[in-house]
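In: sequence plus predicted model, see below.
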Amino acid sequence: MEKRIITAVLIAIFLTPAIFAAQTESIRITKITDGDTVKGIVNGKEISIRLSGIDCYETSKRDRAYKQAYLNKMTIEEVVQRGKDSKEILTNLLKTNNNITIEFTDIDKRYKRNVGILYAGEVNVNEYMMQKGGCMCFEYKN
């Protein structure tokens, strides 16, 4: 009886990650919108992707940029410049790597875009942008 329980537990431990693993696909980036949003072709279809877990500053003077300026005690010009800097960092990272994949984690119902983790080779792009791209941590809520 103990062997059956141990076997069942081991099967559950090793099969559960495979069952619940997120879908990962190759992607060809077609546009970098800002530091946390890209467009790309996956399986022949162009889709918009929001990078999960991060929030970068806006690249233009829009409502959200004014909110970021207010909340972070910055000028609107500082927000926009940081947004442009983040976009440039992401652009430079992705243009030097041909092996880009996306791990889908959710769907943004508000903006009709996919949410996921982008990888450039072995580099987790989302984490990279948190460390080097001037992005903030963001808990995605649908």
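Out: Arrived safely.
In: strands along the protein, start to end?
Out: Taking DSSP state E, the strands of the chain run over residues 24-26, 28-34, 37-42, 45-51, 54-55, 100-108, 113-120, 123-124, 136-137.
In: Val42 versus Ile29, what's the distance?
Out: 10 Å (C-beta to C-beta, to the nearest Å). C-beta coordinates here come from the backbone N, C-alpha and C atoms, glycine included.
In: any chance of JSON lines for the strands of the chain, columns distance to Val79 and mean neighbour count?
Out: Converted to JSON lines, the strands of the chain look like this (distance: least, C-beta to C-beta, whole Å; neighbours: other C-beta atoms under 10 Å):
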{"stretch": "strand 24-26", "distance to Val79": "33", "mean neighbour count": "13"}
{"stretch": "strand 28-34", "distance to Val79": "12", "mean neighbour count": "15"}
{"stretch": "strand 37-42", "distance to Val79": "16", "mean neighbour count": "19"}
{"stretch": "strand 45-51", "distance to Val79": "18", "mean neighbour count": "18"}
{"stretch": "strand 54-55", "distance to Val79": "12", "mean neighbour count": "22"}
{"stretch": "strand 100-108", "distance to Val79": "22", "mean neighbour count": "17"}
{"stretch": "strand 113-120", "distance to Val79": "22", "mean neighbour count": "21"}
{"stretch": "strand 123-124", "distance to Val79": "25", "mean neighbour count": "15"}
{"stretch": "strand 136-137", "distance to Val79": "12", "mean neighbour count": "11"}
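In: now those in a markdown table, with mean pLDDT?
Out: Formatted as a markdown table, these follow (pLDDT from 0 to 100):
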| stretch | mean pLDDT |
| --- | --- |
| strand 24-26 | 93 |
| strand 28-34 | 96 |
| strand 37-42 | 96 |
| strand 45-51 | 95 |
| strand 54-55 | 94 |
| strand 100-108 | 94 |
| strand 113-120 | 95 |
| strand 123-124 | 96 |
| strand 136-137 | 86 |
